[in-house]
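Trainee: Please work out how this folds:
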Amino acid sequence: MADLEARIARLEAESQIRQLVARYSFDIDDRRIDSVRALFADDAILRSNDGVMHAAGVDAIMAQFDGRFAVLGPGHHVMHDIQIDFISDTQARGRVSGHAELWRNGQMMVAAIRYADRYCKTPAGWKFAERVLGFLYYVPVSAYPGILGHRNRNHAYADPLPADFPEGTADWAAYEQSRMTTA
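Mentor: Just a heads-up that it's a prediction; the model follows:
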């Protein structure tokens, strides 16, 4: 019976983490600031692979969101696949893929995003311990056709930056390198 209880507890934890990820998208889009704050552990980290975002602690995270909201209008974040790997009964890692439609700096933009997450179980439930944001692309809608043919696919800022994935990942680089050495 203990095995069944442990399996049920793991399924409940996974469901709670999936709800956490969903709440993040809805709360960000709806600007439910107090709800966003409640999603993060007190000592959580929120950063981006491109280095533009980096905040440690929930107060710094919320200040960072204030800065991002200043240049963002309405948006719609949709999460797709969520991979959750448990480290223990109170710690887990996750990868989350998604898309966003955003109004940024006076124009319509689209983004394909991936989060690398760490989750922790607190007395108030599962929360983000760390969330790292990466982009496959972040471009004006007019630049979307053919964007995957270019490396500088992050157009969120004045000067386009390289995409964070897949080219920036170790597995992608190793695969591409192996193709060159066998050709």
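Trainee: can we go C-alpha only for contacts and neighbour counts from here?
Mentor: Will do.
Trainee: Mind listing residues that contact stretch 171-183?
Mentor: By C-alpha atoms under 8 Å, 6 or more residues apart in numbering, the surrounding residues in contact with stretch 171-183 are 166-167.
Trainee: quick one: buried residues of stretch 20-37?
Mentor: Neighbour counts over stretch 20-37 (16 or more other C-alpha atoms under 10 Å) mark 20-21, 23-29, 36-37 as buried.
Trainee: where in this structure is pLDDT low?
Mentor: 183 (pLDDT under 70).
Trainee: what residue lies at the spatial centre of it?
Mentor: In the chain, the centroid-proximal residue (C-alpha atoms, centre = their mean) is Y115; its distance is 2.8 Å.
Trainee: didn't that residue look like it was pressed against I84?
Mentor: No - Y115 is not in contact with I84 according to C-alpha atoms under 8 Å; the separation is 11.7 Å.
Trainee: Could you tell me which residues touch both of those two?
Mentor: Taking C-alpha under 8 Å, 6+ apart as the contact rule, Y115 and I84 both touch 94-95.
Trainee: which element follows the longest helix seen in the chain toward the C-terminus?
Mentor: The single longest helix within the chain, with elements called by DSSP state H, is helix 2-30. Following helix 2-30 in sequence order, the next helix or strand is helix 33-38 (DSSP states H and E).
Trainee: That concludes my questions; thank you for your assistance.
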